[in-house]
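1. I would like the atomic coordinates for the input below:
(one chain, ligands or ions: 1)
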Amino acid sequence: MHYQAPERDAAFLMFELFKAQEIWPQIPAFSDFSEDLISAVVAEGGRIAAEVLLPTNAPGDEEGCTWQDGEVTTPEVFKAAYRELSEGGWLGLAGNPQYGGQGMPKMLACLVEEMLWSGNASLYLYGTLTVGACLSIDAHGTPEQKQMYLPKMYSGQWTGAMALTESHAGTDLGIMRSKAEPNADGSYAITGTKIFITGGEHDLVENIIHLVLAKLPGAPAGTKGISLFIVPKFLVNDDGSLGERNGWASGSIEHKMGIRGSATSVINYDGATGFLLGEENKGLAAMFTMMNYERLSIGLQGLGAGELAYQLSAAYAKDRLQGRAPTGAQNPDGPADSLLVHPDVRRMLMTQRAYNEAGRAFALYVGLLLDQGKYAEDAEAQARSELLTPVAKAYFSDRGFDGAVMAQQVFGGHGYVHEWGVEQVVRDARIAQIYEGTNGVQAMDLIGRKVLRDGGVTLYKFIDDMGQSEVADAHQADLQEALDRLVRVTDSIIDRSADDANLPGAVSTDFLALFGLTIYAWLWARMACVAPADEFGESKRITARFFFNRILPASIGLEQGILSASDAVMGLTPEQF
Ligand SMILES: Cc1cc2nc3c(=O)[nH]c(=O)nc-3n(C[C@H](O)[C@H](O)[C@H](O)COP(=O)(O)OP(=O)(O)OC[C@H]3O[C@@H](n4cnc5c(N)ncnc54)[C@H](O)[C@@H]3O)c2cc1C
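-> Residues are numbered from 1 along each chain as shown. Next comes the predicted model:
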């Protein structure tokens, strides 16, 4: 496998499109950052992805994880790579510097994360769960909890895991059964079985810090009765050294379609000692600090997969000789022309490129909003980042998977066999559409909590701002039409939802797709506007034209589907299935 970090694109987005160098000086926490420093971080992150993580990607998939008597062994090649990743400070890139994080902008972290996901999704998962757990402890923990856990997690000595799911309670966490009984010393005894816990047990590090959702005795029913607990594998002594082994164990690991180097465990908690994180019965809200981070990160997993797949297929298409160009032989001395002469192959490559480059721009934009929300206390930016998080999670992972399948198609039959690597990318990319809240659940979150709840105020303001942006003249009219379409569709959904409770769910996935396409149209129109007058800029302008001519028209079909009657969705009786 070969992968080259998209450094030129990163610099274009950071400094030419979003002009981070003009924004950061206004945020005291970032005032010291220079273009040189940021470029050096991106270059080094890209090197770690390409030279440290990527070489472990296929071997990790082949070896997978094994379980024996509660112990989980990860692929042999993972150990040194994980050490290099964590010791280099990459996990804490945007983490709190008071506890060992690097305090870098989220916008930059989004770029680097995409690269790490491209390098090895299974391996980086251990890292992303750790970072998410750190954010939750940082936001909701006591000063002692922060001091006890964060520095060792950011430094990679310990990892984190997130334990929500039970066999009967996946999307519907309100019906979970895990219990937390208060102990005399202020800790809690946690009992229950969680399934599908990523990095719940493994041999990469000496301690694993679980954040576990459980219910206190007499807690209110449903999601309002859930609390969050820190439940380490080894209890931690006051001096920070490891104490006794806690009362939980891995019951088994899953045998999965992809991400086989990532250990997914059943965890049995048998009166394990837990420590309340945040307030009683407010656990779901505290867990959402972690989940919102993870959602964006899992979106970046999709983006990283899409980029890796694109690079594999573009390189293959250049080398593979099949057939002749419709316009006449391009390689007359060879037996055939390269796949690149075929317009249908170009269609697949251009589609991947158009999605990946717009996706990267969108990721940076969400990162920028998060930075403005956090460091500049900009409430509007915060609300907008919340509106866009489910879109980033679902749209990136859907397009990443589509892109991986397209890349596989470029390889023909060779894409279906193992040794070329692209079939692994397809298998690994698929999970991003399912975990961390399925993409269906993201679409419901978007339409329900983020649009209907405030009557569309946050969304309409965003649409307005997109319409005011400076964009390339060539795409101004098409962009305006797309924005008008999004307004029409949103108006109609808000209006019809008032007396049709099934309507939001019936159209939610299509609405998210329409919103994602429209945001990409805005970003392509902006990128085409600021692209430099060189070969790189020309490739941006051509890809923008491809997006507007060949991809954006799908929004017409989405509008028609959403606006038409959707009662047939719920028309059949249960017996008819
Ligand atoms: C490899 C892997 C790793 C994972 N890692 C973790 C982890 O680290 N920690 C953790 O806690 N969990 C983890 N999970 C669990 C994962 O988050 C859940 O599988 C996922 O959230 C869906 O829950 P479920 O599987 O129970 O599906 P269900 O909730 O049963 O959903 C089934 C289908 O119904 C749809 N659906 C359900 N409810 C609704 C609704 N209200 N409205 C609309 N549609 C709905 C869903 O979208 C889905 O398509 C992992 C899962 C896998 C496979």
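2. quick check: whichever residue of the chain sits closest to the ligand vs Met176, distance?
-> Taking C-beta to the nearest ligand atom, the ligand has its nearest neighbour within the chain at Gly170, 1.6 Å off. (Glycine included, C-beta is placed from N, CA and C.) From Gly170 across to Met176, the span is 10 Å (C-beta to C-beta, to the nearest Å).
3. quick one, which of those two is more surrounded?
-> Met176 (21 against 17; other C-beta atoms under 10 Å).
4. next up, the contacts around that one.
-> By C-beta atoms under 8 Å, 6 or more residues apart in numbering, the contact set of Met176 is Leu164, Glu166, Ala169, Gly192, Leu213, Ala214, Lys215, Ile226.
5. so which of these are in helices?
-> Applying DSSP state H to those, no entry is found in helices.
6. of those, grab the buried ones for PyMOL.
-> Entered in PyMOL, the line below selects the buried ones among the contacts of Met176, by 16 or more other C-beta atoms under 10 Å:
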select buried, resi 164+166+169+192+213+214+215+226
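7. quick one, helices of the stretch 451-577 of the chain?
-> With DSSP state H, counting those that start in this stretch as the criterion, the stretch 451-577 of the chain has helices at 457-468, 473-497, 503-530, 535-546, 554-563.
8. hmm, I typed the wrong one, I wanted the stretch 151-300 of the chain.
-> Going by DSSP H, counting those that start in this stretch, the stretch 151-300 of the chain shows helices at 283-319.
9. write out the residues of the stretch 301-450 of the chain neighbouring the ligand.
-> Ile431, Ile434, Tyr435, Glu436, Gly437, Thr438, Gly440, Val441, Met444 (C-beta under 6 Å from any ligand atom).
10. swap in the chain?
-> The chain comes close to the ligand at residues 162-165, 170-171, 196-198, 256, 264, 431, 434-438, 440-441, 444, 505, as judged by C-beta under 6 Å from any ligand atom.
11. hmm, who's touching the lowest-mean-pLDDT helix or strand in the chain?
-> Within the chain, no helix or strand scores below helix 20-23, which has a mean of 91 by mean pLDDT, DSSP states H and E. Residues from elsewhere that reach helix 20-23 (C-beta under 8 Å, 6+ apart): Met14, Phe15, Ser34, Glu35, Ile38, Pro105, Met107, Leu368, Gln372.
12. tell me which residues are up against the helix or strand following it.
-> Using DSSP states H and E, the helix or strand that follows helix 20-23 in sequence is helix 35-47. Residues from elsewhere that reach helix 35-47 (C-beta under 8 Å, 6+ apart): 4-7, 10-11, 14-15, 20-21, 88, 90, 93, 104, 108, 111-112, 115-116.
13. if you average pLDDT over helix 35-47, what comes out?
-> In this model, helix 35-47 has an average pLDDT of 95.
14. and for stretch 565-577?
-> The pLDDT scores in stretch 565-577 average 94.
15. please, where are all the strands along this protein?
-> Taking DSSP state E, the strands of the chain run over residues 66-68, 71-73, 158-163, 179-182, 188-198, 207-214, 227-232, 234-236, 242-245, 248-253, 264-276.
16. other residues contacting the third one?
-> Think strand 158-163. By C-beta under 8 Å, 6+ apart, strand 158-163 touches 126-127, 129-134, 149, 152-153, 194, 197-200, 202, 204-213, 231-232, 267, 287, 290-291, 294.
17. and what of the second one?
-> By C-beta under 8 Å, 6+ apart, the list of residues contacting strand 71-73 from outside reads Cys65, Thr66, Trp67, Glu201, His202, Asp203, Ser250, Ile253, Ala263, Ser265.
18. next: the first one.
-> Contacts of strand 66-68 with the rest of the structure, by C-beta under 8 Å, 6+ apart, involve Val72, Thr73, Ser250, Ser252, Ile253, Ala263, Ser265.
19. pretty sure the fifth one is touching Thr74, no?
-> In other words, Ile253. No - using C-beta atoms under 8 Å, Ile253 is not in contact with Thr74, being 10.3 Å away.
20. now rank the residues of the stretch 301-450 of the chain next to the ligand by neighbours and give me the top one.
-> Highest neighbour count within those: Glu436, with 27 neighbours (other C-beta under 10 Å).
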